[in-house]
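In: Kindly generate the corresponding structure for this input.
(one chain, ligands or ions: 1)
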Amino acid sequence: MKLTICWLYGDTMNIYGDRGNVLALAQRCRWRGIEAEITTLGVGEELDPDAYDIFFWGGGQDREQIPVSSDILGPKGETLKALLEDGAPMLSVCGGYQLLGKHYHPYGEEQLPGLGFFDAWSEAGPERFIGNVVVDSGRFGTLVGFENHSGLTFLGPTAEALGRIRVGRGNNGQDGTEGCIRLNTLGCYLHGALLPKNPAVTDFLIKAAIKRRYGVEELEPLEDDLEVIAHQQAIKRAVATG
Ligand code: GLN
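Out: You can find the predicted model right below:
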């Protein structure tokens, strides 16, 4: 089997270690004998709906989100939205997560339209949320990462939060939620990178991709001793630094 990972805007939206997410996806495929290819898709490049199996959209500064917001509107965004509605797996982090909602309004700037895949919207304030984050997620257990954002994300009535904040600020520092999940698409504020220290999320994305492309239901487990140690150490450090 082969899976192709589409790194959306990897050339312009790639901060705080987000590259580690595509490396983790590819490596956890290869350890299972699944061929993995990473392809970056930038502004102005066409999205072939049949070419990709897993999508990753990382973080970016406000100025980098402006051209991307224009690029994701129109046919490219409609193609991506249809793929996600069809169950294509995707991880989006911070700036990418914000643009999967209805809009992102940078502080003191013009509002940027989003894809409207998540029933959510983001408004930036004058404060930046920076620090370690621990999340209790019903679907994935404990998640750990690092946040750095001024955007506050608010979930609408049909949105499902990825989890509840235990350490850090999360979506907006007010309602105790972090991230959003819909079908096989996750959005969150967890940089770090997220996936190397949270293998359950990586395997969720890979499992959804092999089922959708090949009809294969089962994903062979891996020896995750090192990942578990990294996960636990990161949680310990986050709790200690509060
Ligand atoms: N520019 C957005 C914000 O400040 C996203 C930041 C990010 O991707 N880390 O909220």
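In: Identify the residue of this protein closest to the ligand, quick one.
Out: Relative to the ligand, the nearest point of the chain is residue 59 (2.5 Å; Cβ to the nearest ligand atom). In short, each C-beta sits where N, CA and C put it, glycine included.
In: Which of the helices or strands spans that residue?
Out: Per DSSP states H and E: residue 59 is located in neither a helix nor a strand.
In: go on, residue 145?
Out: Using DSSP H and E, residue 145 maps to strand 141-155.
In: In the helix or strand just after that strand, which residues are buried?
Out: Per DSSP H and E, the first helix or strand lying C-terminal to strand 141-155 is strand 163-167. Counting neighbours by 16 or more other Cβ atoms under 10 Å, one finds that the buried residues in strand 163-167 are 163, 165, 166, 167.
In: What is the nearest of these to residue 155?
Out: For these, the residue nearest residue 155 by Cβ to Cβ is residue 163; the value is 12.0 Å.
In: In the protein, where's the longest strand?
Out: Looking across the chain with DSSP state E, the single longest strand is strand 120-137.
In: then the helix or strand in which residue 236 is found to PDB, C-alphas only?
Out: Using DSSP H and E, residue 236 sits in helix 225-241. Extracted in PDB, the C-alpha atoms of helix 225-241 (Å, rounded to 0.1, in the frame of the first residue of the first chain):
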ATOM      1  CA  ASP A 225       7.800   2.800  24.200                       C
ATOM      2  CA  LEU A 226       9.800   5.900  23.200                       C
ATOM      3  CA  GLU A 227       6.700   7.800  22.100                       C
ATOM      4  CA  VAL A 228       5.000   7.000  25.500                       C
ATOM      5  CA  ILE A 229       8.100   8.200  27.400                       C
ATOM      6  CA  ALA A 230       8.200  11.400  25.300                       C
ATOM      7  CA  HIS A 231       4.500  11.900  25.900                       C
ATOM      8  CA  GLN A 232       4.700  11.400  29.600                       C
ATOM      9  CA  GLN A 233       7.700  13.700  30.000                       C
ATOM     10  CA  ALA A 234       6.000  16.400  28.000                       C
ATOM     11  CA  ILE A 235       3.000  16.200  30.200                       C
ATOM     12  CA  LYS A 236       5.100  16.300  33.400                       C
ATOM     13  CA  ARG A 237       7.000  19.400  32.100                       C
ATOM     14  CA  ALA A 238       3.700  21.100  31.100                       C
ATOM     15  CA  VAL A 239       2.100  20.500  34.500                       C
ATOM     16  CA  ALA A 240       5.200  21.600  36.300                       C
ATOM     17  CA  THR A 241       5.400  24.900  34.300                       C
END
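In: Thanks a lot, see you next time.
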